Structures are given as structure tokens and as C-alpha cells.
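# Sharing a sequence plus its predicted fold:
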Amino acid sequence: MEEKDLYPIVECFLFKNKGCIEDYIGNELSFKHFRTDVFGVSINDEKKRVYLLEGKLYLDGRDSFSKVISETSYLEGYADYIYIFGRIKDKFKENNLPSIKECEDKGIGILTIDSNNEIHEFLKAKKVPINSLNKKEALFRVFNKKFKSNDQKTYIADYILQATYEYTLNTSKKCAKFIDIYNELFSKEEYKELLRKILGGNHILNAKGMRGAFEKEYGGSYYIGIIKDKKVIEDQLCVNEKTLEKVKPPILLDNYKNVQSFGDIELIANIFAKHFAHWKIILPEEDIKNRLSGYIQYGGWLIQYCFGKDETGNEYLDYYASHRMTDDSHVRIYEDGRKESLPALYTFLLLSDDPIKAKQLKDEYEEHNHQVVKMLNEKGFDKFTINMLLHAGMDKEQKK
């Protein structure tokens, strides 16, 4: 076994335990003077967090343990969280106390992998100070690496396409002026120099030049619509369903618009889309327009939804989302941007050594899930995953 054989285990940990986006998890991310073994990016509450990790086949002994700690010095300032990882031997803690203490003092997390390839968070990483430009470089490099297909070059036009998607997602509008998108992508002048460094060559990256590069790559493409203006940089770029086949979850833009200012059905659709942006899931336009109920089965999700109005006439969307990797969620989104959590199926039954208490816990679990199923059926949410059937006890009813 080699060190690289550990990468998939660590990548799975980032996805399951740290909420990193699958599209932005990988290995061997190269910077100018160093390369990190594994990386991941999570996005929560519109905050991007960068994870960079260094590993050794075994974290044991002064040579391997001390060496991997020293290698993390290159990652400082580029990542919110830094981890080291590797296999361990017996008496790992007792034999490596100085190195463990050094990691603890520096805020470096430790992931250990046992003989069964089970990964454990031996020491949780602390959020460390990060240089904003270095972090932007890390995000650019992650996008650059993950946008490539078949090891082909990532073009300037791809950054514009991705930025267009993010900009329209933030504004709840399908079209935006090229110059507005350009200004958001380079909200700081230093970002241009970062992108030049990553792309290589002598790119000027001015607005007119980038508009020409975009036209060359995507002009007439079904991935994007273009409404021409007298000034090319004032042209409007319009996203469509085909755009979603090409882009990835939001990662490039710094600034987020306050979408709650829109206050209509489009706001509901936008909030829904932002929540499921990781999987590029959006509500069908026809269902939004005609307030139609429906369901979406994609990316491991089963999402059932319906529209309605409350007693004051405010419109809302209710949805029930189920995925085998997480707990179910039952949410109401109002037209003014408010969100309300509704009852969802309990997925864990609490246990007790006391028979009376155990029965009480079981009865409460079954009664709650029974009421949730009743609520879902009343909304027309009649599709159930295997896990939903098990939690609701409906598998037993079907056997009867």
C-alpha cells in the first residue's frame, strides 16, 4: 500500500464529516511552490471554508510525523483548516506525545486510519488565520482543477460562464450584463494577477478581451444565451437549463446579494436553488409559474414539493427532502424569504436500559413518525425512500 491509497478515505471523510462539496474535493492540488495531498471546500451560510491536508503512509516516529508537520507550514495562510493524516501503529498516542502536542498548539487536526481503513478524527483542527488573497488563490486553483475535463485546459471563458451562473443565482434573474459579471469576478484588482498566475501566459484580463474570449468559446452555444448591445461589454448573458450541465456549485464570487429584497415567487425558487446548489437542483420553471406540485429525484435526493398560501395570503413552498447520507428535512419557504422548519421523520430511536422508559421512547418515536406520515400524505407527498419506509414503520404494515 502507498500513501496515495489513503486519499479516497480522506476525501470521503471531508464529504461526510466536514460538509465539503463533492465537486470541490480532490487530491494533489498544485500551488507555485508546493502541492497539497488532499483538499476540500465547504460552503455553509454563504461562507467558503478551505481544507488542506498533508499525509504520510504512517504517522509514527520522529521522521514521518515530524516531516508531515513541517510540510503543513506551506499551507498556512491558504486554508481555514489544516489536517495531517496517515495510518497508525499500536500505542500511537504514547509514542508520539511531542508531535501531537505540536499539532495541538498549531491548531492542526490529526486523522488516523486503522487496519480496517476506518478513519478517525483523533484531533480536531482549529480555524486558523488566513490571508484573503491566498484563500482566493486556493479557491481559484480548486475551481481550475475541478473544472477541467479529460485534463484539458480551463479557459478564461469558463470562469465567465461560472461567474454568470453565480451572479444570476444571487440576483434571482436569468440575465445579467457582462460588465457587471466581470466586475463581480474581479471585485478586487489583485484577483486579476492571481488568475494570470494560475492560467499562465500573458493574459491582460481586461473586460473587452475577456468578452471576446467568451464569445470565441461560447458564442452561439446552447450553454448560454447572449443578448447583444451596441457595446459588447454591455451584452447580456442569460443562463438556461443547459447552463447547469456545464457549471459547478458557487465558488468564485465574493459578494452575495441580499436576495430577500425581491419578495416574490422567484425568491422562493432562488432560496430553494441556493440550498441545493451543490447538486445543481432547481425547481422546474413550469411548476413555479403554475404553482404545481411535483418531485425531484436526482443526485441521491428525493425532494417532494407543493405550493400554498397561509391565512394572510402569503405564498409559500413546502418541500420534504430525503437523502441516505443525512437526516430528512421538511421546510417551508415564504415569498418574503422567511424559512420555517416543519416536522420530519425521526431517524434515530433513543434507547434505555429501563424497560418502562424504553417503551415510552419507542411509543413517542412511532407516534411522531405516524403524525409526520399523515402530514406528508395530506400534502400529496406519497413517495417514500426505503429509509423513510423503515423509519415510519410502513415496511411492517406492507408485510401485514
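Yep, that arrived.
# Which elements pack onto the lengthiest helix in the chain?
Scanning the chain for the helix with the most residues, using DSSP state H, yields helix 355-378. Helix 355-378 sits against helix 386-392, with contacts defined as 3 or more CB pairs under 8 Å, 6 or more residues apart in numbering; DSSP states H and E. The way it works is simple: take the backbone N, C-alpha and C, and place the C-beta from them, glycine included.
# Give the other helices and strands that the helix it packs on contacts.
Looks like helix 386-392 contacts helix 355-378, helix 394-399 (3+ CB pairs under 8 Å, 6+ apart).
# Which positions in the first one come out as buried?
What that stands for is helix 355-378. By 16 or more other CB atoms under 10 Å, the buried positions in helix 355-378 come out as 365, 369, 372-373, 375-376.
# Make a markdown table out of those residues and add pLDDT.
Shown next, in a markdown table, are those (pLDDT from 0 to 100):
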| residue | pLDDT |
| --- | --- |
| 365 | 91 |
| 369 | 91 |
| 372 | 93 |
| 373 | 93 |
| 375 | 94 |
| 376 | 95 |
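# right, and residue 83 touches residue 53 too?
Yes - using CB atoms under 8 Å, residue 83 makes contact with residue 53 at a distance of 4.4 Å.
# what's the overlap in contacts for those two?
Common contacts of residue 83 and residue 53 (CB atoms under 8 Å, 6 or more residues apart in numbering): residue 111.
# Got the phi and psi for residue 323?
Reported as degrees, to the nearest 10, the phi and psi values for residue 323 are phi -150, psi 140.
# OK, contacts around it?
Taking CB under 8 Å, 6+ apart, we find residue 323 in contact with 300-302.
# Single out whichever of those has the smallest pLDDT.
In terms of pLDDT, the weakest of the contacts of residue 323 is residue 300, which scores 91.
# Return the members of the contacts of residue 323 classed as buried.
Buried positions within these, assessed by neighbour count (16+ other CB under 10 Å), are 301-302.
# ok so, going back, want to try a markdown table for the helices and strands packed on helix 386-392, with distance to residue 73 as columns?
Shown next, in a markdown table, are the helices and strands packed on helix 386-392 (distance: least, CB to CB, whole Å):
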| stretch | distance to residue 73 |
| --- | --- |
| helix 355-378 | 50 |
| helix 394-399 | 54 |
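# any idea which of those helices scores lowest on pLDDT?
Among the helices and strands packed on helix 386-392, helix 394-399 scores lowest, at a mean of 54.
# now the helices for the stretch 201-350 of the chain?
207-218, 243-246, 265-275, 285-290 (DSSP state H, counting those that start in this stretch).
# pLDDT below threshold where in the protein?
Of all residues in the chain, those with pLDDT under 70 make up the ranges 45-46, 61-62, 148-154, 255-264, 394-400.
# Please tell me how far the closest residue to residue 335 other than its chain neighbours sits from residue 339.
Residue nearest to residue 335 in three dimensions, not counting chain neighbours: residue 315, with 4.5 Å by CB to CB, 6 or more residues apart in numbering. Plainly put, residue 315 is 14 Å away from residue 339 if you go by CB to CB, to the nearest Å.
# ok, the two, which is more surrounded?
Using other CB atoms under 10 Å as the criterion, residue 315 and residue 339 rank with residue 315 on top: 17 against 12.
# surely that one meets residue 288?
No - taking CB under 8 Å as the definition, residue 315 is not a contact partner of residue 288, at 10.9 Å.
# Mutual contacts of these two, please.
With CB under 8 Å, 6+ apart, residue 315 and residue 288 have common neighbours 265, 268.
# burial count for the closest residue to residue 299 other than its chain neighbours?
If the residues on either side of it in the chain are set aside, residue 299 comes closest to residue 279, at 3.8 Å by CB to CB, 6+ apart. The tally of other residues near residue 279 (other CB under 10 Å) stands at 18.
# how near is residue 83 to residue 75?
Using CB to CB, one gets 10 Å for the distance from residue 83 to residue 75.
# Quickly list what's touching both of the two.
By CB under 8 Å, 6+ apart, the residues touching both residue 83 and residue 75 are 52, 54.
# The two: which has the busier surroundings?
Looking at residue 83 and residue 75 with other CB under 10 Å, you find the greater number of neighbours at residue 83, namely 28 against 24.
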